[in-house]
Every structure is written in structure tokens, then in C-alpha cells.
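Asker: Sharing a model that was predicted from the sequence below.
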Amino acid sequence: MTTDLPGRALVVGRGLSGEAAAGALRGRGAEVATADREDGTDDDLALLDGVDVLVKSPGVPAENPLVAEARARGIPVWSEVELGYRLLPDGVRLVGITGTKGKTTTVRLLGTMLDAAGWSARLAGNEQPPLSEVADEVEAGTWVVCELTSFQLEDIHTLALEVAVLLNLEPDHLDRHGTFDAYRGAKLRIFERAGKALVPAGSGLPGIEWSADEPLPAEPRIPGAHNYENAAAATRVARELGVPDRAISEALVSFPGVQHRLEPIAEVNGVRWINDSKATTVSAAARALAAYADEPVRLIAGGRGKGQSFGPLGAALGPNVKAAYLIGEAAGEIAAAVGARAVVVGDLAAAVERAASEAQPGDVVLLSPACASFDQFTDFVERGEEFRRLVQNLEG
């Protein structure tokens with residue numbers, strides 16, 4: 001898959017993906033300039049002079065001045081994943097997984113299945129190491145399972161997956177894409193040039209259908225109906241690849257789940273604390289609530305909205321939900337949707353303190369924000385880790 005690379009490149013965005021892209025290009029002799037919003041260089045159009053290609057990190061939108069000017073000048077714009085694909089050695093087997101929710105869990109579970117089968121496998125993309133970094137560490141015959149977001153799929157040109165998988169499609173990132181159709185279009189680019197397309201049953205999309213009711217060879221360790229769906233998707237992909245059911249079963253019963261996704265943190269005075277900080281959409285929070293529908297729940301939600309209605313979140317609060325402690329910029333909007341059970345507390349520390357003072361033995365305190373974290377935290381990971389710290393202080 002290795003193709004001719006640019007002699008001079010501009011990498012926009014110095015996050016993990018940008019640093020990996022710049023390092024990979026420099027390691028192959030390219031002259032590389034970088035730009036980033038943090039230091040104000042992302043609008044220095046002179047950086048484009050003499051550039052053969054612009055590589056952008058996933059967080060960089062199409063409206064970025066350098067990206068827009070590059071297109072106007074006819075300079076190719078690649079996503080970091082496009083670069084990573086071009087750097088992969090020949091003979092690497094590439095699987096790509098996208099969807100609104102469940103990507104990370106499905107990718108890591110599939111990786112566990114491949115490991116259990118004794119296959120050479122690496123994970124890449126989104127919440128895994130950048131593909132342009134992994135490209136330097138794999139050889140022919142390795143299976144690379146790549147987690148792909150709409151942001152990463154926006155600027156692909158040659159990416160050709162052996163197997164491309166769509167888990168689901170729900171409104172998300174409308175603040176970036178503008179419309180659901182634009183978001184959907186970015187997601188579906190995963191199927192361009194794919195050898196096999198695996199699509200959800202009933203989606204109407206061409207390809208091999210996988211079902212959320214896929215019969216599994218073992219009961220998954222991870223809780224929740226949505227995680228059963230993730231397990232069903234991973235199982236179907238593994239079977240398509242030829243992984244034996246023995247290895248699939250071993251992975252299903254051993255895989256503990258992913259941090260910040262319905263992650264049990266602690267039990268304090270008979271109250272269980274669950275970290276679902278990755279639930280950045282209303283639909284994800286609704287799935288988390290469904291996973292604890294038979295237990296008394298105190299919900300912590302809020303943050304920065306993503307252009308979605310919170311009405312469905314209010315509808316998802318069953319009679320088992322005793323209170324919703326609301327934080328961040330969207331607290332007032334969520335309170336209007338939730339009604340009498342809403343308690344606006346401001347920030348996460350205040351939410352944990354209030355929940356701890358009101359929870360009874362047997363209650364579940366569930367952090368499932370239904371919002372992005374950027375109003376008060378760097379990302380959902382920082383939010384989840386702060387939740388963990390606050391709960392551990394309760395234990396102390």
C-alpha cells in the first residue's frame with residue numbers, strides 16, 4: 001500500500017494524530033511544517049507556499065483557513081488516516097469500523113478475539129494509536145483493526161479496507177457537519193473501495209447484513225443491551241474473517257469493557273458508582289439508563305450540547321431514576337426536558353457531593369452526560385478521570 005509521498009507537507013493540528021503524521025513523514029525524508037490553533041499558526045497562509053500536500057488531524061474542520069486555502073490552491077488535503085493507509089506495508093490486512101456509538105468497544109473486542117485466535121493484530125485510529133504510527137510497527141500478514149470517525153473519513157482518497165463495518169447511524173456532531181445528511185455521507189465513505197461491507201440489518205444499505213440478535217457462542221461479560229449489540233457486531237466480523245468460535249467465546253467472557261463506558265468505579269456505603277463519561281450523545285445516555293432500568297438510579301448529566309434535542313433523554317428517564325444532577329452549559333436545557341427530577345448543581349464535584357449525600361444503599365450513581373465535555377474538561381477522558389478521583393475521595 002506504500003505509495004509515493006510528498007517532498008514537502010503541512011500538518012495542521014499538533015495533537016496525537018498530527019504528531020504521528022509529522023513524525024512518519026519526517027522519518028521518510030519529507031520536509032514538514034506544522035500549524036495549530038493553540039499558537040495561532042493555523043491561519044498563516046504563507047505556510048502553504050511550496051507544499052505538496054496538507055495533512056489534517058481529525059479535530060481540524062473543513063472551515064480552517066489553511067484547509068480552505070489549500071483546496072482553493074489545488075493542494076491535496078489528506079486525513080491522517082489517508083496518510084497512514086499510504087504508509088502501510090504491502091500485505092497488511094485492514095478492517096475499518098465506524099458508527100455513531102460502540103466503535104471503541106467493538107474494535108477492542110474484535111482485537112481480543114483475534115488475539116485469542118493467536119493471530120497477529122494491532123488496533124489503530126480514533127481512540128487507538130494513530131494509523132500513521134502503527135504503519136511503522138506492522139508487517140505483512142498483520143490484521144489492523146481501525147476505529148474510524150466521520151472526522152477521519154472526511155478526507156480519504158485511496159483508503160481501501162478489506163472489510164468495512166458500520167455499527168449504527170444516529171444524529172451526532174451536527175455542530176461540525178451541519179446536517180445529518182452530511183454526517184451520514186462522511187460515515188458511509190468507509191465503504192468506498194472496500195472489499196466487504198458489513199451493514200446493520202434493516203439499514204437498506206448494500207452489503208452483508210449483521211444483526212443485533214446475532215447468536216453468540218458465549219454470554220458477553222460486558223453489561224447492557226447496547227454492549228450485546230457491540231458483541232454481536234464483533235462476533236459477525238470475526239466469523240467473516242475466519243476466527244474460530246472457540247476464540248470468540250474466550251474473548252466474550254474475558255473482555256472487561258472499556259474505560260469510561262459503563263465502567264464500575266467503586267461501591268461506597270452500598271452505593272455503586274458507574275463511569276460512562278464517553279456517553280456524549282443523548283442516545284448513548286439513553287442506552288446507559290436502559291442498562292440499569294431495574295435498579296434505582298441517580299443520573300449525572302450535562303456539559304456542552306452538540307446540537308441535539310434533550311427531549312429523548314427526558315423520555316428515557318424511567319420511574320427508577322430518582323434524580324438527575326445537571327452540570328455544565330447545557331444544564332438548563334436538560335432541566336427543561338427532565339422536569340421535576342432535575343437538580344442543577346453546576347459542576348461535577350458538586351454533582352458527586354450532592355449525589356453522595358442523597359443516595360441510599362442499593363442506588364446506582366451513573367455519570368452518563370449526554371453531552372461533550374469541552375465546557376469544563378479537555379475531553380471525556382479527563383471528565384471520567386475526575387469522576388474517578390472524586391469517587392475515590394468518597395471511599396477515603
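Answerer: It's in.
Asker: From the chain's centre, how far out is the lowest-mean-pLDDT helix or strand in the chain? Work that out for me.
Answerer: Lowest mean confidence among the helices and strands of the chain (mean pLDDT, DSSP states H and E): helix 174-177, at a mean of 78. Its chain's C-alpha centre and that of helix 174-177 lie 16 Å apart, by CA atoms, centre = their mean, to the nearest Å.
Asker: tell me what that helix is packed against?
Answerer: If you count contacts as 3 or more CB pairs under 8 Å, 6 or more residues apart in numbering; DSSP states H and E, helix 174-177 packs onto helix 150-153, helix 180-188. For the C-beta atoms, the positions are set from N, CA and C on the backbone; glycine is no exception.
Asker: okay if I get those as CSV plus mean neighbour count and mean pLDDT?
Answerer: Converted to CSV, the helices and strands packed on helix 174-177 look like this (neighbours: other CB atoms under 10 Å; pLDDT from 0 to 100):
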stretch, mean neighbour count, mean pLDDT
helix 150-153, 24, 95
helix 180-188, 17, 94
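Asker: in the least confident helix or strand of the chain, what counts as buried?
Answerer: For helix 174-177, burial by neighbour count (16 or more other CB atoms under 10 Å) applies to 176-177.
Asker: Would you reformat the helices and strands packed on helix 174-177 as CSV and include distance to residue 305?
Answerer: Output for the helices and strands packed on helix 174-177, formatted as CSV (distance: least, CB to CB, whole Å):
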stretch, distance to residue 305
helix 150-153, 18
helix 180-188, 16
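Asker: from what I can see residue 311 touches residue 337, true?
Answerer: Yes. Between residue 311 and residue 337 a contact is recorded at 5.3 Å, counting by CB atoms under 8 Å.
Asker: Pick out whichever of the two has more residues nearby.
Answerer: Neighbours per residue (other CB atoms under 10 Å) separate residue 311 from residue 337, with residue 337 holding more: 19 against 12.
Asker: element containing the more buried one?
Answerer: Following DSSP states H and E, one finds residue 337 within helix 331-338.
Asker: now for that helix, which elements pack on it?
Answerer: Packing partners of helix 331-338 (3+ CB pairs under 8 Å, 6+ apart): strand 297-302, helix 311-316, strand 321-327, strand 342-346.
Asker: Show me what the mean pLDDT comes to for it.
Answerer: Here helix 331-338 scores 96 as its mean pLDDT.
Asker: I would like the residues contacting it, please.
Answerer: Applying CB atoms under 8 Å, 6 or more residues apart in numbering, the external contacts of helix 331-338 come out as 301-302, 305, 309-311, 313-314, 317, 324, 326, 342, 344-346, 370-371.
Asker: same thing with stretch 37-46?
Answerer: With CB under 8 Å, 6+ apart as the test, stretch 37-46 has contacts from 12-14, 34-36, 47, 60, 64-66, 69.
Asker: Give the ChimeraX command for selecting the buried subset of those residues.
Answerer: Selecting just the buried residues from those in ChimeraX takes one command, with 16+ other CB under 10 Å as the test:
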select :12,13,14,34,35,36,47,60,64,66
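Asker: Restricted to strands, list the contacts of stretch 37-46.
Answerer: Among those, DSSP state E puts 12, 34-35 in strands.
Asker: okay if I get those residues as CSV plus pLDDT and distance to residue 268?
Answerer: Putting the ones in strands among the contacts of stretch 37-46 into CSV (pLDDT from 0 to 100; distance: CB to CB, whole Å) gives the following:
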residue, pLDDT, distance to residue 268
12, 97, 45
34, 96, 45
35, 96, 46
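Asker: so how far is residue 55 from residue 297?
Answerer: Applying CB to CB, to the nearest Å, the value for residue 297 to residue 55 is 44 Å.
Asker: residues in contact with stretch 9-24?
Answerer: Under the contact criterion CB under 8 Å, 6+ apart, stretch 9-24 has outside partners 25, 30-38, 42, 47-48, 51-60, 64, 66-67, 70, 80, 83-84, 87, 129-130, 132-133, 135-136.
Asker: about what we covered before: now the helices and strands packed on helix 331-338 as JSON lines including distance to residue 180 and mean pLDDT?
Answerer: JSON lines is the format used below for the helices and strands packed on helix 331-338 (distance: least, CB to CB, whole Å; pLDDT from 0 to 100):
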{"stretch": "strand 297-302", "distance to residue 180": "23", "mean pLDDT": "98"}
{"stretch": "helix 311-316", "distance to residue 180": "15", "mean pLDDT": "96"}
{"stretch": "strand 321-327", "distance to residue 180": "26", "mean pLDDT": "98"}
{"stretch": "strand 342-346", "distance to residue 180": "27", "mean pLDDT": "96"}
